[in-house]
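Peer 1: Sequence first, then the predicted structure, then my questions.
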Amino acid sequence: MAKITYIEHNGTAHEIDVKPGMTVMEGARDNGVPGIDADCGGACACSTCHVYVAPEWVDRLPAKDPMEEDMLDFAYEPDPERSRLTCQIKVTPELDGLVVNLPERQI
């Protein structure tokens, strides 16, 4: 398991053990983390699982593919460096300790 910390916009933290092979979005959805809507179910067809990756993790994640880059254009206040769609981040043991911050809202 990899421990992922999801921090709501109000500062409430949720530390969740997520099984490798799942996505960061699935870990949030399956554990009721508020603020990850995941309207498309993980198909990279919306931006409702948008988060800001903690700065120390940005370079440790796989690069964004073009489809994720396009969908982030629809996210609420995207950050060019830190914004990611959690449906596109597969959990691996190397992601143990990952911290993501949720935006004020999803659109």
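Peer 2: Yep, it's here.

Peer 1: Now do the contacts for the residue nearest the centre of the chain.
Peer 2: When the chain is reduced to its mean C-alpha position, the nearest residue by Cα atoms, centre = their mean turns out to be Thr86, at 2.9 Å. Going by Cβ atoms under 8 Å, 6 or more residues apart in numbering, Thr86 touches 23-25, 28, 36, 38, 49-51, 100. The way it works is simple: take the backbone N, C-alpha and C, and place the C-beta from them, glycine included.

Peer 1: quick one: Glu104 and Tyr52, what's the gap?
Peer 2: Going from Glu104 to Tyr52 by Cβ to Cβ, to the nearest Å gives 11 Å.

Peer 1: Which one of the two is surrounded by more residues?
Peer 2: Taking neighbours as other Cβ atoms under 10 Å, Glu104 and Tyr52 compare with Tyr52 leading, 21 against 10.

Peer 1: What average pLDDT does the helix or strand hosting that one get?
Peer 2: Counting by DSSP states H and E, the element that carries Tyr52 is strand 50-53. The average pLDDT within strand 50-53 is 98.
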